[in-house]
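Colleague: quick one: sequence and predicted model below, then my questions.
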Amino acid sequence: QVQLVESGGGLVQAGASLRISCAASGRYAMGWFRQAPGKEREFVAAINWSGGGTYYADSVKGRFTISRDNAKNTVYLQMNSLKPEDTAVYYCAAALNRRGVELRVGNVYDAWGQGTQVTVSS
């Protein structure tokens, strides 16, 4: 089973940018989800294996960009104009033989990373 390792989280001020990464080998579609204290896990962004399709939650559209470098087996989430409400543990996830809008659903993913904390101060 694929192993996922996130990195790049941290503490930033509102308005700042941060990029988090997820190392994962294999032909998987990848997604980013987040979970804030006391809240349910929510979809953030996803990308097809080819990189040709990307999907975003409305709350991050225009601020976050998901991308991947398959030669490096790495998926990135570039987060700009961060807000305090973006504070959460961010998880990457891998889905085999999945693509499109179904990537918005957590249940389709086959493996999850351990999470990386992103904290945005006001």
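Modeller: Structure's in. What do you need? Since the structure is predicted, the reported quantities are computational estimates derived from the model, not experimental observations.
Colleague: gap between Gln1 and Arg63?
Modeller: As for Gln1, its distance to Arg63 is 32 Å (criterion: Cβ to Cβ, to the nearest Å). Just so you know, the C-beta spots here come from the backbone N, C-alpha and C atoms, and that holds for glycine as well.
Colleague: of the two, which one has the most company?
Modeller: Arg63 (15 against 8; other Cβ atoms under 10 Å).
Colleague: could you check how far the residue nearest in space to the middle of the chain is from Ser59?
Modeller: Centroid-nearest residue in the chain: Trp32, 2.2 Å away (criterion: Cα atoms, centre = their mean). Shown here: Trp32 relative to Ser59, a distance of 12 Å by Cβ to Cβ.
Colleague: same check on Gly113?
Modeller: 21 Å.
Colleague: tell me the secondary structure at the residue lying closest to Ala16 once chain neighbours are set aside.
Modeller: Excluding the flanking residues, the one nearest Ala16 by Cβ to Cβ, 6 or more residues apart in numbering is Leu82, at 5.5 Å. Secondary structure state of Leu82, per DSSP: H, G, I helix; E, B strand; the rest coil, is coil.
Colleague: Provide a list of residues in contact with Leu82.
Modeller: The contact partners of Leu82, taken as Cβ atoms under 8 Å, 6 or more residues apart in numbering, are 12, 14-18, 63, 118, 120.
Colleague: which residues of the protein fall in strands?
Modeller: Ranges of strands within the chain are 5-7, 10-13, 18-23, 28-35, 42-47, 54-56, 64-69, 74-79, 88-96, 111-112, 116-121, based on DSSP state E.
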